[in-house]
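Engineer: make a model of this:
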Amino acid sequence: MTASEGHRPHRVVVLALDGLLPFELGIPHRIFGRPKDAAGRPLYEVVTCSVRPPGVVRTDADFDVHVPCGPEALATADTVIVPASYELGPVFEEGRLTPELAAALARIRPGTRLVSICTGVYVLAAAGRLDGRRATTHWADAERFQRLFPRIRVDADVLFVDDGDVLTSAGVAAGIDLCLHLVRRDFGTAVANDVARHTVVPPHRDGGQAQYIDRPVPDPQLATTTAARAWALARLHEPIQLRDMAAQEAMSVRTFTRRFREEVGVSPGQWLTRQRVERARHLLESTGLSMDRVARDAGFGTAQSMRQHLQQAIGVTPTAYRRTFRAEAGGAGDGHTEVTAAAGVPGQKVSTARATRPASASARALSKSSTG
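Structural biologist: Next comes the predicted model:
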């Protein structure tokens, strides 16, 4: 078998339910349709299916969509994504699956990665896939969701939650954040950043959805912290004090910290650490610099400090991270099995139908650092 014949992209199956939101249905196709390996072959295959035989699925817009596959496609998935729907019926009202939906979900193979966007989380919850786990949904629906499913630990402040083999996003555009996170987790920051650039969205949004909840509007005459963030990003390799960032906006430290949290959703210190982690990841993927040099350029000072921060943020050491994605960058065109095998760390909880991914293995810790 040739390398080309052995190539099999990661199969993403999107479950389209009546009442679906077209925007959210399109997110997986847009994000996962872009990544390619070194030979130009797609790293993902995206398939849309229904709980019924192929045919029309209603949307919440003034048009319907024709879905080409029935529920049997779920049995072929490596990742199943459930976008939001406004017609979930007993799933939404009572936390109970319909027989039709239950039969469709029963086709999913053990070990398949499960993902929900916005209120698609009700489907995973009603199926019992989130019991005892942390999850999120649209902030406006979080309290109701928690009451209906008390065994789930609902976090209404984050953009998404990665609990290894089950991932949930907040509302609407947070589905983009989650799908980009999956690309980053599967194939590294360089691939995810390429997708983000072509989608014309930021590869990573600061803070969580708490910043989007309706609150009293700040006085527009008051300054923002944008200039301080730009200043800090230009000198991550240098020691940066909170008072120095505040000085860029001519604010007191107290005022700056409060305003920063209001705008970004996390503290200045958390934000700064996150930027340094992302800088270190980029350097580990794209350069052959020594660990000491990467640590200095990212602003961690020492390799030991960088190791501690990366271990906490993404669950793997710098050496393991470089081995994963530098190997992938050099040989991603050799077939899906090799690509995914390069991407995981043994002993982690994360699993898919194809392989446990050591880098993706860092899921739960990463979601904490990447969602605020």
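
Engineer: going by C-alpha atoms from here, please, whenever you check contacts or count neighbours.
Structural biologist: Will do.

Engineer: from Pro99, how far out is His66?
Structural biologist: 22 Å (Cα to Cα, to the nearest Å).

Engineer: looking at those two, which is more packed in?
Structural biologist: The neighbour comparison of His66 against Pro99 (other Cα atoms under 10 Å) goes to His66, with 14 against 9.

Engineer: which helices and strands does the one helix or strand Arg261 maps to pack with?
Structural biologist: Here Arg261 sits within helix 253-264, counting by DSSP states H and E. With contacts taken as 3 or more Cα pairs under 8 Å, 6 or more residues apart in numbering; DSSP states H and E, helix 253-264 sits against helix 242-248, helix 268-286.

Engineer: list the buried ones in it?
Structural biologist: Residues 253, 256-257, 259-264 are the ones in helix 253-264 that count as buried (16 or more other Cα atoms under 10 Å).

Engineer: CA atoms only for that helix, dumped as CSV, please.
Structural biologist: Output of helix 253-264 as CSV, limited to C-alpha atoms (Å, rounded to 0.1, in the frame of the first residue of the first chain):
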residue,chain,number,x,y,z
VAL,A,253,-2.8,49.6,38.8
ARG,A,254,-6.1,49.1,40.5
THR,A,255,-8.1,50.8,37.7
PHE,A,256,-6.1,49.1,35.0
THR,A,257,-6.7,45.7,36.5
ARG,A,258,-10.4,46.3,36.8
ARG,A,259,-10.7,47.6,33.3
PHE,A,260,-8.6,44.8,31.9
ARG,A,261,-10.9,42.2,33.4
GLU,A,262,-13.9,43.9,32.1
GLU,A,263,-12.5,43.9,28.5
VAL,A,264,-10.6,40.6,28.3
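
Engineer: can you show me the strands along the stretch 1-150 of the chain?
Structural biologist: Residue ranges of the strands in the stretch 1-150 of the chain, as given by DSSP state E, counting those that start in this stretch, are 10-15, 44-49, 55-57, 65-67, 79-82, 113-116, 134-135.

Engineer: could you export the ones you listed as a markdown table, including distance to Val154?
Structural biologist: Listed next are those as a markdown table, based on distance: least, Cα to Cα, whole Å:
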| stretch | distance to Val154 |
| --- | --- |
| strand 10-15 | 23 |
| strand 44-49 | 28 |
| strand 55-57 | 30 |
| strand 65-67 | 32 |
| strand 79-82 | 18 |
| strand 113-116 | 14 |
| strand 134-135 | 5 |
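
Engineer: may I see those strands arranged in a markdown table, with mean pLDDT and distance to His29 as well?
Structural biologist: Formatted as a markdown table, the strands of the stretch 1-150 of the chain follow (pLDDT from 0 to 100; distance: least, Cα to Cα, whole Å):
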| stretch | mean pLDDT | distance to His29 |
| --- | --- | --- |
| strand 10-15 | 98 | 9 |
| strand 44-49 | 97 | 6 |
| strand 55-57 | 96 | 17 |
| strand 65-67 | 96 | 13 |
| strand 79-82 | 98 | 11 |
| strand 113-116 | 98 | 14 |
| strand 134-135 | 96 | 23 |
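
Engineer: got the angle between the helix holding Arg261 and helix 268-286?
Structural biologist: Interaxial angle, helix 253-264 versus helix 268-286 (axes from the mean of the first three to the mean of the last three Cα atoms, to 10 degrees): 60 degrees.

Engineer: for the chain, what helix or strand is lowest in average pLDDT?
Structural biologist: Sorting the helices and strands of the chain by mean pLDDT, DSSP states H and E puts helix 336-341 at the bottom, at a mean of 29.

Engineer: may I see the buried residues of the one helix or strand Gln312 maps to?
Structural biologist: Assignment of secondary structure by DSSP H and E places Gln312 within helix 303-314. For helix 303-314, the buried set under the neighbour-count rule, 16+ other Cα under 10 Å, comprises 303, 306-307, 309-314.

Engineer: and what of stretch 109-121?
Structural biologist: 111-121.

Engineer: equivalent analysis for stretch 147-158, please.
Structural biologist: Buried positions in stretch 147-158, judged by neighbour count with 16+ other Cα under 10 Å: 148-149, 152, 154-158.

Engineer: any idea of the mean pLDDT for it?
Structural biologist: Here stretch 147-158 scores 93 as its mean pLDDT.

Engineer: start to end distance for it?
Structural biologist: End-to-end distance of stretch 147-158 (Cα to Cα): 19 Å.

Engineer: next: stretch 158-165.
Structural biologist: End-to-end distance for stretch 158-165: 18 Å, by Cα to Cα.

Engineer: about what we covered before: out of the buried residues of helix 253-264, who's nearest Ala84?
Structural biologist: Relative to Ala84, the closest of the buried residues of helix 253-264 is Val264; by Cα to Cα it sits at 26.1 Å.
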